[in-house]
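Colleague: quick one, fold the following:
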Amino acid sequence: MMAVERSNFFTRLALAIAFSIAFAYIESAVVVYLRALFYPDGFTFPLAMFDLTALGKRLTVTEIGREAATLVLIVTAAALFGVNRQERAAYFLLIFAVWDLFYYVWLKVLLDWPASIMDWDVLFLIPYVWASAVLYPVLVALLMLVFAVAVLHRSAQHRPLSIRWSDWLGWTAAAVILIVTFCLGGRHITQDDYRAFFPEPLFALGFGLGLIVCGRALRRVEKEPDATSDS
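Modeller: Next comes the predicted model:
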């Protein structure tokens, strides 16, 4: 029975990763088209404004709708892969993380970009423009991926996380801080000194808080079997 459950765990994990990698290619292909349309001379920062014309405004609205649809697809896939709320949340983190990481892998294959992990990118447009060096979303994606795999592995062993309200508060605070950080980074992407406006200490605070809360939740799971065996 345990071997069957382990096989099912790896099968679902592999399928979710395959889905995410393929989805990342679709995302990258769209960006290739957008850059060819709006930045035929090269995608470099500071960015030239592209939503000043009627066509630019219409395509910007279209892109925002596409990003919203992307989130719906990730949520839907996570709901199909997971068998309970905790697994669905973990699959959401995993799919989002792999999708985000392979987005840059595919852009490197298709455009030989980014040239450096410190190259800047526009990350998202909801609710405001997100922007930063590639390093920062990659760090967040790696944390999400490691945590999600750990949660799913625990679930396969029938040792789900014991989540407290303090965990939810910590994750919510970390997420809000990181979103604000990326939005602050996106406010000045048309200015020559755009890099100076990215609040690295604020990112470190949000990332560090997320790392601590995730680590604490996982350590709590590890302690529970010992307590049971002693009783």
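Colleague: which elements pack onto the top helix by length along the chain?
Modeller: Longest helix of the chain, by residue count under DSSP state H: helix 2-38. On a contact count with 3 or more Cβ pairs under 8 Å, 6 or more residues apart in numbering; DSSP states H and E, helix 2-38 meets helix 54-81, helix 85-111, helix 135-156. Quick note: C-beta positions are derived from backbone N, CA and C, even for glycine.
Colleague: let me see the mean pLDDT of the first one.
Modeller: Yep, that's helix 54-81 we're talking about. Helix 54-81 carries an average pLDDT of 92.
Colleague: what of the last one?
Modeller: For helix 135-156, the mean pLDDT works out to 96.
Colleague: which elements pack onto it?
Modeller: Under the contact criterion of 3+ Cβ pairs under 8 Å, 6+ apart, helix 135-156 touches helix 2-38, helix 85-111, helix 165-186, helix 200-230.
Colleague: for stretch 69-84, buried residues please.
Modeller: Neighbour counts using 16 or more other Cβ atoms under 10 Å place 70, 74, 77, 78, 81, 82 of stretch 69-84 among the buried residues.
Colleague: for the protein, where's the lowest mean pLDDT among helices and strands?
Modeller: helix 200-230 (a mean of 79; mean pLDDT, DSSP states H and E).
Colleague: can you count the residues close to the closest residue to residue 68 other than its chain neighbours?
Modeller: Excluding the flanking residues, the one nearest residue 68 by Cβ to Cβ, 6 or more residues apart in numbering is residue 126, at 6.6 Å. Using other Cβ atoms under 10 Å, residue 126 is surrounded by 14 other residues.
Colleague: can you tell me how far residue 126 is from residue 22?
Modeller: Distance of residue 126 to residue 22, given as Cβ to Cβ, to the nearest Å: 23 Å.
Colleague: gap between residue 33 and residue 123?
Modeller: Residue 33 is 18 Å from residue 123, by Cβ to Cβ.
Colleague: please disregard the earlier target; I meant residue 35.
Modeller: Separation of residue 35 from residue 123 (Cβ to Cβ): 15 Å.
Colleague: re the thing from before, who's more crowded, residue 33 and residue 123?
Modeller: Between residue 33 and residue 123, counted using other Cβ under 10 Å, residue 123 has the larger neighbour count: 19 against 9.
Colleague: give me the pLDDT for residue 2.
Modeller: For residue 2, pLDDT reads 52.
Colleague: shouldn't residue 56 be in contact with residue 37?
Modeller: No: using Cβ atoms under 8 Å, residue 56 makes no contact with residue 37, being 9.5 Å away.
Colleague: reformat the buried residues of stretch 69-84 as CSV; add distance to residue 131.
Modeller: Formatted as CSV, those follow (distance: Cβ to Cβ, whole Å):
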residue, distance to residue 131
70, 18
74, 21
77, 26
78, 26
81, 31
82, 31
